[in-house]
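In: Test case, fold it:
(one chain, ligands or ions: 1)
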Amino acid sequence: MRRVDVLVIGSGPSGLALTSALASNGVAVANLSLDAHARWPQTYGAWEDELSDLDVPTSHRWSRVFVHPKRERALQRAYVLLDNEALQNQLRERAARDGAAWRAARAVEVRATPQGSVVLDAHGRSHHARLVVNASGHVDFDAAAPSTSRLAFQAAYGVVATFDRPPIKPGSVAWMDYRAEHLRPGEFDAAPTFLYAMHLGGDRYFVEETSLAARPALSTDVLRDRLQRRLAWNGTPPAHVEHVERCLFPMNRSPAPPSRVVAFGGAAGLVHPASGFMVAHALRLTRSVAAEITLALQQEARADDVSKRAWRAVWPSDARRAHRLYTFGLEALLRLRGAELAEFFDAFFDLPSDRWRAFLSRTAAPADVAAIMLQVFTRAPNAVRLSLARSALHEPRTLLGAALKR
Ligand SMILES: Cc1cc2nc3c(=O)[nH]c(=O)nc-3n(C[C@H](O)[C@H](O)[C@H](O)COP(=O)(O)OP(=O)(O)OC[C@H]3O[C@@H](n4cnc5c(N)ncnc54)[C@H](O)[C@@H]3O)c2cc1C
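Out: Here you go, the predicted model:
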């Protein structure tokens, strides 16, 4: 295979966006993935303002967005669904126009070479590049399986279906509905889950039962059962199920230390540890990462220096510090019982909207992330505060690390 400057592994949103951005910068880039034409199956949602300066096609937009932790609130923030087909076509066409090469195969191994790296694929072919970017999603393809004991997982089970009676307010999004009257006493406290749902037009809705984070992950069986019971309790069972979505990914992967292969997207642990969202962040980050890689390829002779600069663009120092704070926040949430979690989010969405927006969209500097967390703490009821304070005692290293390490 022809040697390229950059080989991007994976054609999910992160890999495809980066391939396209690098090609448009004039970098000789190839994309190696199982099938670059396979349609992304996920239902990708994002806040509209997170995508405002990006050219990202969307399929649905809602200005009526509700949360219901302990009580219902209308959020003054529009929410959108990405138009996967249009976005994939756009990124692929731009990348192809700008000279990116497509290689269809499973990457199985990466080795360092004096000039960069070589990736071996499942057909025994070698792909040489000065820089390899691993955008292969949440499961490492080349590393020995990392210990999963500390990993907390977001898990969800959802369906796109038609309904005879609307399961949520027509024309709206239920972003996080923690009502749990349909569960047996203790069930919710032990393993809290919420409804994430949206009206897709006509009698079609997407409804999903979500476990924000749990260690170990909640099973699909539990989530499916809870969704069915919730809908039955509300008197809104689905009429015809068109599509099922299952979701499982780690929430608290730490940024891997700099190495020859640079991870991006889910592979880099870019998922927001307190919400599970990532796509908008990865799409926003793509430009600066591509720009830094382009410069580094021109300015650096050594492969390790190119990798280091690419890694720093994925994980600038402030982003690493904020990530540690978010991870600390996640550990605190994992210790809360269901009722406390709902109260916590009540306090969170009680904050001035610029505060919770910045927290969810990662636009806050680390000091502001810490200040926002403190604000939620002071507003939360005593039982929740006690639990959060215990977390600070259990996780002093995470907290201190976030405060001190650069
Ligand atoms: C069901 C689901 C719903 C989600 N919904 C949202 C949401 O609404 N909003 C949000 O912000 N985030 C969401 N997420 C979280 C996150 O944004 C997604 O997981 C997102 O798909 C990650 O993008 P990625 O490009 O990093 O990885 P992926 O989308 O997982 O793409 C990985 C790519 O790598 C390829 N690949 C894997 N292994 C190899 C290999 N060995 N060799 C070659 N190619 C390989 C795959 O074929 C694929 O093309 C969701 C996650 C899931 C699982």
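
In: ok, the one residue in the stretch 201-350 of the chain that gets nearest to the ligand - how many residues close by?
Out: Distance from the ligand to each residue of the stretch 201-350 of the chain (Cβ to the nearest ligand atom) is smallest for Gly265, at 2.5 Å. In short, each C-beta sits where N, CA and C put it, glycine included. Gly265 has 30 neighbours, counted by other Cβ atoms under 10 Å.

In: what about it, distance to Asp368?
Out: When Cβ to Cβ, to the nearest Å is applied, the distance between Gly265 and Asp368 equals 25 Å.

In: can you pull the alpha-carbon coordinates of stretch 221-236 into PDB?
Out: Backbone C-alpha positions of stretch 221-236 (Å, rounded to 0.1, in the frame of the first residue of the first chain) are rendered in PDB as follows:
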ATOM      1  CA  ASP A 221     -32.900  -6.900  29.500                       C
ATOM      2  CA  VAL A 222     -33.400  -4.600  32.400                       C
ATOM      3  CA  LEU A 223     -33.500  -1.500  30.200                       C
ATOM      4  CA  ARG A 224     -36.000  -3.100  27.800                       C
ATOM      5  CA  ASP A 225     -38.200  -4.300  30.600                       C
ATOM      6  CA  ARG A 226     -38.200  -0.800  32.200                       C
ATOM      7  CA  LEU A 227     -39.000   0.900  28.900                       C
ATOM      8  CA  GLN A 228     -42.000  -1.400  28.400                       C
ATOM      9  CA  ARG A 229     -43.200  -1.000  32.000                       C
ATOM     10  CA  ARG A 230     -42.900   2.800  31.700                       C
ATOM     11  CA  LEU A 231     -44.800   3.000  28.500                       C
ATOM     12  CA  ALA A 232     -47.500   0.600  29.800                       C
ATOM     13  CA  TRP A 233     -47.800   2.600  33.000                       C
ATOM     14  CA  ASN A 234     -48.300   5.700  31.000                       C
ATOM     15  CA  GLY A 235     -50.900   4.000  28.800                       C
ATOM     16  CA  THR A 236     -48.800   4.600  25.700                       C
END
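
In: outside of it, which residues touch it?
Out: Outside of stretch 221-236, the residues that reach it under the criterion Cβ atoms under 8 Å, 6 or more residues apart in numbering are 155-159, 163-167, 181-183, 191, 193, 195, 207-211, 237-238.

In: which residues in the stretch 201-350 of the chain form strands?
Out: According to DSSP state E, counting those that start in this stretch, the stretch 201-350 of the chain carries its strands in the segments 204-214, 238-250, 261-263.

In: Output these in TSV; the columns should cover mean neighbour count.
Out: What follows is those, written out as TSV (neighbours: other Cβ atoms under 10 Å):
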stretch	mean neighbour count
strand 204-214	22
strand 238-250	15
strand 261-263	26
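
In: so which of the ones you listed comes closest to Gly329?
Out: strand 204-214 (10.3 Å; Cβ to Cβ).

In: now the angle from the closest one to strand 238-250?
Out: Comparing the axes of strand 204-214 and strand 238-250 via axes from the mean of the first three to the mean of the last three Cα atoms, to 10 degrees yields an angle of 30 degrees.

In: Do any residues in strand 204-214 lie close to the ligand?
Out: No. Residues of strand 204-214 contacting the ligand under Cβ under 6 Å from any ligand atom: none, with a closest distance of 8.7 Å.

In: pLDDT (mean, whole number) over that strand?
Out: The pLDDT scores in strand 204-214 average 98.

In: for Arg73, what are its contacts?
Out: Here Arg73 is in contact with Phe66, Val67, Phe349 (Cβ under 8 Å, 6+ apart).

In: Now intersect the residues you listed with the helices, please.
Out: With DSSP state H as the criterion, helices contain Phe349 from among those.

In: now do the same end-to-end measure for stretch 5-15.
Out: Start-to-end span of stretch 5-15 (Cα to Cα, to the nearest Å) is 15 Å.

In: mind listing what's buried in that stretch?
Out: Asp5, Val6, Leu7, Val8, Ile9, Gly10, Ser11, Gly12, Pro13, Ser14, Gly15 (16 or more other Cβ atoms under 10 Å).
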